[in-house]
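J.: My questions are about this predicted structure, shown below with the sequence.
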2 protein chains.
Amino acid sequence: MATGRTHRPATRSRGIPEATVARLPLYLRALTALSERSVPTVSSEELAAAAGVNSAKLRKDFSYLGSYGTRGVGYDVEYLVYQISRELGLTQDWPVVIVGIGNLGAALANYGGFASRGFRVAALIDADPAMAGKPVAGMPVQHTDDLEKIIRENGVSIGVIATPAGAAQQVSERLIAAGVTSILNFAPTVLSVPDGVDVRKVDLSIELQILAFHEQRKAGEDSAAAPAVGAVTAAAVADAAARPASGARKPGPEGDVPAVMPA
Amino acid sequence: MATGRTHRPATRSRGIPEATVARLPLYLRALTALSERSVPTVSSEELAAAAGVNSAKLRKDFSYLGSYGTRGVGYDVEYLVYQISRELGLTQDWPVVIVGIGNLGAALANYGGFASRGFRVAALIDADPAMAGKPVAGMPVQHTDDLEKIIRENGVSIGVIATPAGAAQQVSERLIAAGVTSILNFAPTVLSVPDGVDVRKVDLSIELQILAFHEQRKAGEDSAAAPAVGAVTAAAVADAAARPASGARKPGPEGDVPAVMPA
DNA sequence: CAATCTTTGTGCACGCGTTCACAAAGACAT
DNA sequence: ATGTCTTTGTGAACGCGTGCACAAAGATTG
């Protein structure tokens, strides 16, 4: 997947491991699909396949919630949907504000997935006075000046930051000061927040770079072994040439450590 | 953070742990910022603070790349920027296609972070004939019919899927058949792909649900201890009431297992 | 050149997460 | 009722990632 984990070790919430919590939404989605098809029960094997995980892992995950299955049969779909929803806190309504209504912010505002599960976009906020009042996703954009008022009046505890990197830290501070305790950050910056505030980061650039790393590795192996199939990019050969104009490369180690791979 | 990991165990690429790879882009960003301020060297302590990680972890991460530091001094910024860039495969050019030019796809096309580090948007592809030819981010949208041709002619190995959930699996299959081996998936679906293909997932809905879980936990603790500060949402009290109309709750366990927390 | 000081690189221990493999539990057939 | 068959729930082993703490390395000063 592609969401960066910028998570404090987190106090192992009532014994439910963080890794399990991260998978619950996945199970919930698969279960909802089954529910819509009126499937009454599923085995751990089937559900695991639908969610793309190991069945043993799934069973262990569910065991943290309690014993909701029936041996020899499987899990009751409707019941499990409810239990997971409750565990995740989706039986209540979560008002959310989106700060930074640029391309991304607007896309998020229009995203259907928000409204689907207990989340409600309570307000769109932007620092640009020209944006104020302009409707985005059928909702008027409000100015940053009113941020605190909006947060308080709507009882917002989850904020989404889609501003440029430079503004993110300051926005987060204002959100937190106004009462927000969970932040989903799309800006490419490390936010520093006080204890008790959860931050999750989504960083497109980082995800691509991780893919590039594996891609390079694959290309390297290919060129070393069989000639690559289909479309292959330049490969790691011309890397010394591609070296950035680093001018004088400081005192540091001078030999080009080839430790890596003969290439 | 907010990027879901949908990663195969991955063959522990030449001994560089996956967790380390995921942090390298973070270090690179911090180093680039230092480089722009013409800072010649940094200590692991300073850099770790900038990247939001533990300094021991950072040193261990760098040790996988080689010994690029100087004891008593720190790391040479320019040199390290180059080494990490090379390790991540950013010294070469990565053409990328974005499939699905809706709100999100368009936002991604406009996102500056793409072009910044070796990534180049080679084409925008959409299934809607009405979109064809329409310029988005200064580039004409092309029709899905030409997907294979585009991939091959541009030597694309990384694809970004921003389609509705229903189309994602099929799009991924076409991308892969045409030669793509890395996919960044924004659609809320589990993609099943053959071995050798890397998939990373970005799922807004999941990230929000994880935040909601922690938020609920915090609210529960607050209401049990001190009255919550500032804006607090309804809390877990009215959850039996909020129960979905599950009709007949099947055979399963009937008692409302209160195992959770008295509330 | 010796002493001191700073900072890296890493051995080691610990804890979390994953997976295997199986006993226990229940459904179902006879 | 008894036996068989399916599937859950979990004990135990393993491996990865993290963080501590320190020795080694080099800079710097006198």
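T.: On my side now, so go ahead. Residues are numbered from 1 along each chain as shown, chains lettered A, B, ... in the order given.
J.: interface residues of the stretch 1-150 of chain A facing DNA strand C?
T.: A:12, A:17-20, A:53-54, A:56-57, A:59-60, A:70-73 (C-beta under 7 Å from any atom of the strand). C-betas here are computed from N, CA, C, even on glycine.
J.: Inside strands: which ones of those?
T.: Among these, the residues falling in strands (DSSP state E) are residue A:70.
J.: Identify the farthest-apart pair in the residues of the stretch 1-150 of chain A next to DNA strand C.
T.: Using C-beta to C-beta, those span at most 32.5 Å, a distance reached by A:12 and A:72.
J.: hey, which strand is longest across chain A?
T.: Max-length strand for chain A by DSSP E is strand A:119-126.
J.: interface residues of chain A facing DNA strand D?
T.: A:9, A:42-45, A:55-56, A:59-60, A:62-63, A:67-75, A:251.
J.: let's see it at 6 Å
T.: A:43-45, A:56, A:59-60, A:62-63, A:67-69, A:71-75 (C-beta under 6 Å from any atom of the strand).
J.: top of these by neighbour count?
T.: Greatest neighbour count in the residues of chain A next to DNA strand D, by other C-beta atoms under 10 Å in any protein chain shown, goes to residue A:75: 26 neighbours.
J.: ok, now how distant is that one from residue A:42?
T.: Remark: distance between residue A:75 and residue A:42 (C-beta to C-beta, to the nearest Å) = 6 Å.
J.: Distance of the spatially closest residue to residue A:62 that is not a sequence neighbour relative to DNA strand C?
T.: Closest residue in space to residue A:62, ignoring its immediate chain neighbours: residue A:68 at 6.1 Å, by C-beta to C-beta, 6 or more residues apart in numbering or on different chains. Distance, residue A:68 to DNA strand C, by C-beta to the nearest atom of the strand, to the nearest Å: 12 Å.
J.: domains in chain A, as residue ranges please.
T.: A:3-86, A:94-205 (automatic domain parsing).
J.: got these as JSON lines, with distance to residue B:37 and mean pLDDT columns?
T.: Listed next are the domains of chain A as JSON lines, based on distance: least, C-beta to C-beta, whole Å; pLDDT from 0 to 100:
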{"stretch": "domain A:3-86", "distance to residue B:37": "24", "mean pLDDT": "89"}
{"stretch": "domain A:94-205", "distance to residue B:37": "14", "mean pLDDT": "96"}
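J.: Tell me which of the ones you listed sits most buried.
T.: domain A:94-205 (a mean of 19; mean count of other C-beta atoms under 10 Å in any protein chain shown).
J.: for that domain, how far is the first residue from the last?
T.: Using C-alpha to C-alpha, to the nearest Å, one end of domain A:94-205 lies 29 Å from the other.
J.: what's the answer for stretch A:194-205, then?
T.: End residues of stretch A:194-205 are separated by 26 Å (C-alpha to C-alpha).
J.: Tell me how far stretch A:128-147 lies from the chain's centre.
T.: 25 Å (C-alpha atoms, centre = their mean, to the nearest Å).
J.: can it be found next to chain B?
T.: No: applying C-beta under 8 Å from any C-beta of the partner chain, one finds stretch A:128-147 out of contact with chain B, separated by at least 8.8 Å.
J.: just stretch A:32-45 next, same as before
T.: Yes: counting by C-beta under 8 Å from any C-beta, chain B has neighbours in stretch A:32-45: A:40-41.
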